[in-house]
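Colleague: please work out how this folds:
(2 chains)
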Amino acid sequence: MSSTLPLALRDSRTMLRRNLLHARRYPSLTLNLLLTPIMLLLLFVYIFGDVMSAGMGGGAADRSEYVAFLVPGILMMTIGSTAVGTAVSVSMDMSEGIIARFRTMAIHRGSVLVGHLLGSVVQCLASVLLVTAVGVAIGFRSSGATVVEWVLAAVLLAFFSLALTWIAIGMGLISPNAEAASNNALPLVFLPLISSTFVPIDSMPGWFQPIAEYQPFTPAIETLRGLLLGTGIGHNGWLAAGWCLGLAILGYFWATAKFNADPRR
Amino acid sequence: MPVSVMPTPNHGTGAASPAAVSAAGLRKSFGDKHVLDGIDLRIPAGSVFALLGPNGAGKTTVVKILSTLISADGGQAQVAGHDLATSPQGVRSAIGVTGQFSAVDGLITGEENMLLMADLHHLSKAEGRRVTADLLERFDLAEAAAKPASTYSGGMKRRLDIAMTLVGSPRVIFLDEPTTGLDPRSRHTMWQIIRELVTGGVTVLLTTQYLEEADQLADRIAVLHNGRIAAEGTPDELKRIIPGGHVQLRFTDPTAYRHATALLTDATHDEDSLTLRVPGDGSQRSLRTLLDRLDTAGIEATELTVHTPDLDDVFFALTDDTTPTTGTTTDKETAR
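Modeller: Have a look, this model is predicted:
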C-alpha cells in the first residue's frame, strides 16, 4: 500500500463532491438552521435592543455598540447550529445502504468521514459569511481590525467549525435516526445561549460565571471580539485554541472509532 | 475465466474449476444469539450459488461477513484468493455487493450515482462516462438517468443498484435477496440480468427465500437453517432427498371416485374433494400403467396432474425441526 496518500486524497475529494452535491441539491436543511441565529440577532437588536444597550457600558451605550458586541457571538452560534445539521445529515447518511456499499469497496475508509467534514466546514463558513452580511447590513462594523486580525478571525472561525464538526460527526454516528441526532446535538445550540453571546459574563450570577466563562463558546467569542473590535483577549486566545484542538482531536478519534466498528444495522 | 485463487481442498464435488469463494467454520453471534454456527462453503468460479433459507436463517450475515462488512467471530474464508482476515482490501477490490436494502444514494441522480462509483473505482473521466452510459443503457435506465434515485420504482432502484455494483467489473458478486419486494415482471427481468452476469464469467452468490428462484438460477444450492447448512447440492440432488412424487386424480362423479378408490388401493384419498393421490415417479411407463388400469376398469377421471417433488418439499423437510433431515425414507405425502 505505497499509494495510500494519493488514494486517500482522491477518494476524499470524491466524497467531498458528493456531500457538496447533497448540500446544493437540498439547501433547505442548512438554510433552516441559519434561521435561529439570524432571528436571535434581529430579536436582540430590534426588540430587546434598548434594554440590552442600556445594560452595557453604564447605560449610555447606543444600539450600534450592542450590535458590535452581539455579532461575534452570533457568528459562533451559527457554527454551532450548522454543526447540528452535520449531525443530522451524518446519521441520515449512515442509515442509507450506500454507506454499506462504500464499506465493501476498496476505497480509503476515512474518506467517507472526511467528505462529511470538509463539506460541513464549507457550509459552515458559507453560513458565517451570510450571517456576517446580515450583521453588516444592520450596522456591524469592526473597529480598526488589521488585515492580520481579519485573517486570524477567519482562521479561528474555520478551526472552531472544524472542531465542532468532528464532534457533530461523532454525534451523528451514535444516533440511530435524524431525530435522535438533532437531540444529541442540542448542546451545540444550547451552549451559545449560556455563553457571553448576549450579555457579558460579569453580569451573570456569580455561581454561574465559571461555567459560562470556561465552556468552549465563550473563549472563542471573546477571542473573535478581541480580533474584530480590539477588546482585550487575554487568556481567552489560548483557551479557544485549546478547546478547538481538544474537541477536534476528541471528535476525530471518537468518530473514526465509531465508523470503523462493525455497523450496527 | 481464469481466476487466481489460493489452493483450496476440493471436497469431492467433481468440480474442476477453482473456488471463487471458500469458507470453513464461519461463526457469528450477536449477543447470545448464535446466528451462524459453523458454515462451510465452496463456490466454484463462474457458477451461481444460492443460499436458501427462511427469514432469520443467517443468509444476510453470511453475505455481510464474506463482503467484509462485518467480521466473523470464528472460522476463515477466502474470496477471489484473498483472505478475509488478512487482506480485506484485496477482497473488496474483487467483489461487488448488492445488499438487501438498496445501496443507492437517493439524493442524487442515477447518473451521478454511477459516476460516483466510477470515481471511487478510479476510472478516468472518459472511461467513467463510457461505463456509466453503457450500464444505464443496458439496465434500461438511460431515460431516468437525470432523475433523483429516490424517485425510482423498486425495480428501477434494484437495477441501478446492480448497475453500480458492476462499475468496477467485479469477479465475485454478492446479491442479497435481489428480488425481494419486486413485482413478478421486475423479478423476471432481474433473473435475466443474473443469468447474463454468469455468462460473462463472474461468480454469483445470491441469497433468496424463494425456492423457485434458487431452482431457476443456481448451479448449486445450500439450504441454511438455524445457522447451519442443512443440505447442499444441485437442485436435482436436493429434490432427490425427498421421495413423494405422485399423480393426482380428481373426479366430479362420486361413483367413479368410489370405483377408483377400490381399484387403486395404494392411493391416498380425500373424500371431500374427490381426489386420489397415487404414488409414482411421474415417468411415462408408470403413467401408462396407471392409465391402462383406469381404462380397463372403465373409470374416467375429470383431471389428472403429475406432481414431482419440488424444492418446497425439500425445504420443509429440511427445515422442519421435528423430522430427521437425512436418510428419511418415510413417505411424507401421507393422508391428512
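Colleague: helices along the stretch 51-200 of chain B, start to end?
Modeller: B:59-66, B:88-94, B:110-120, B:125-138, B:154-166, B:184-199 (DSSP state H, counting those that start in this stretch).
Colleague: what about the longest one, distance to the chain center?
Modeller: Going back to what we said before, that points to helix B:184-199. 12 Å (Cα atoms, centre = their mean, to the nearest Å).
Colleague: who are the packing partners of that helix?
Modeller: The contact analysis (3 or more Cβ pairs under 8 Å, 6 or more residues apart in numbering or on different chains; DSSP states H and E) places helix B:184-199 against helix B:154-166, strand B:203-208, helix B:211-217. C-betas here are computed from N, CA, C, even on glycine.
Colleague: can you point out the buried residues in the longest one?
Modeller: Of the residues in helix B:154-166, those scored as buried under the neighbour-count criterion (16 or more other Cβ atoms under 10 Å in any protein chain shown) are B:155-166.
Colleague: let's have these in TSV, adding pLDDT.
Modeller: Shown next, in TSV, are those (pLDDT from 0 to 100):
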residue	pLDDT
B:155	86
B:156	91
B:157	91
B:158	88
B:159	90
B:160	93
B:161	92
B:162	90
B:163	92
B:164	94
B:165	92
B:166	91
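Colleague: of those, which pair is most distant in space?
Modeller: B:155 and B:166 (16.7 Å; Cβ to Cβ).
Colleague: list the contacts for residue A:91?
Modeller: A:172-173, A:175-178, A:180-181 (Cβ atoms under 8 Å, 6 or more residues apart in numbering or on different chains).
Colleague: partners of the helix or strand harbouring residue B:269 in the sheet?
Modeller: Applying DSSP states H and E as the criterion places residue B:269 in strand B:268-270. Note on strand B:268-270: by DSSP bridges, its sheet partners are strand B:275-279 (antiparallel).
Colleague: and the helices and strands packed on helix B:184-199 as TSV, adding distance to chain A?
Modeller: Output for the helices and strands packed on helix B:184-199, formatted as TSV (distance: least, Cβ to the nearest Cβ, whole Å):
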stretch	distance to chain A
helix B:154-166	7
strand B:203-208	13
helix B:211-217	21
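Colleague: tabulate the ones you listed (JSON lines), appending distance to residue B:237.
Modeller: JSON lines is the format used below for the helices and strands packed on helix B:184-199 (distance: least, Cβ to Cβ, whole Å):
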{"stretch": "helix B:154-166", "distance to residue B:237": "29"}
{"stretch": "strand B:203-208", "distance to residue B:237": "18"}
{"stretch": "helix B:211-217", "distance to residue B:237": "12"}
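Colleague: pull the contacting residues for the residue lying closest to residue B:100 once chain neighbours are set aside.
Modeller: Distances taken as Cβ to Cβ, 6 or more residues apart in numbering or on different chains put residue B:176 closest to residue B:100, at 4.4 Å, once the chain neighbours are dropped. Contact analysis of residue B:176 by Cβ under 8 Å, 6+ apart lists B:59-60, B:63, B:97-100, B:206-207.
Colleague: repeat that for 7 Å
Modeller: When contacts are counted by Cβ atoms under 7 Å, 6 or more residues apart in numbering or on different chains, residue B:176 touches B:60, B:63, B:98-100, B:207.
Colleague: give me the beta-bridge partners of it?
Modeller: So, taking DSSP bridges as the rule, residue B:176 has residue B:207 as bridge partners.
Colleague: distance of it from residue B:62?
Modeller: Residue B:176 is 9 Å from residue B:62, where distance means Cβ to Cβ, to the nearest Å.
Colleague: ok, residue A:174 next?
Modeller: Distance from residue A:174 to residue B:62, by Cβ to Cβ: 28 Å.
Colleague: how many other residues sit next to residue B:126?
Modeller: 8 (other Cβ atoms under 10 Å in any protein chain shown).
Colleague: okay, it: pLDDT?
Modeller: Note for residue B:126: predicted pLDDT of 95.
Colleague: who's in contact with stretch A:53-69?
Modeller: A:45, A:49, A:52, A:138-141, A:203, A:229.
Colleague: ditto for stretch B:106-118
Modeller: A:14, A:18, A:21-22, A:25-26, B:104-105, B:128, B:131-132, B:135-136, B:141, B:144-150, B:160, B:163-164, B:167.
Colleague: got the contact list for the spatially most central residue of chain A?
Modeller: Closest to where the C-alpha atoms of chain A average out (Cα atoms, centre = their mean) is residue A:79, at 2.3 Å. Residues near residue A:79 by Cβ under 7 Å, 6+ apart: A:124, A:128, A:157, A:160-161, A:164.
Colleague: please redo it, this time with the cut-off set to 8 Å
Modeller: Contacts of residue A:79 by Cβ under 8 Å, 6+ apart are A:124, A:127-128, A:157, A:160-161, A:164.
Colleague: check which helix or strand covers it.
Modeller: helix A:63-94.
Colleague: can you name the element that comes right after that helix?
Modeller: helix A:97-103.
Colleague: hmm, back to that, turn the contacts of residue B:176 into JSON lines, including pLDDT and neighbour count.
Modeller: Below are the contacts of residue B:176 laid out as JSON lines (pLDDT from 0 to 100; neighbours: other Cβ atoms under 10 Å in any protein chain shown):
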{"residue": "B:60", "pLDDT": "90", "neighbour count": "20"}
{"residue": "B:63", "pLDDT": "93", "neighbour count": "24"}
{"residue": "B:98", "pLDDT": "89", "neighbour count": "28"}
{"residue": "B:99", "pLDDT": "81", "neighbour count": "23"}
{"residue": "B:100", "pLDDT": "77", "neighbour count": "18"}
{"residue": "B:207", "pLDDT": "93", "neighbour count": "27"}
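Colleague: and the worst-scoring helix or strand of chain A on mean pLDDT, what's buried?
Modeller: Every helix and strand in chain A was compared by mean pLDDT, DSSP states H and E; the lowest is helix A:49-55, with a mean of 78. Across helix A:49-55, burial judged by 16+ other Cβ under 10 Å covers A:49, A:52-53.
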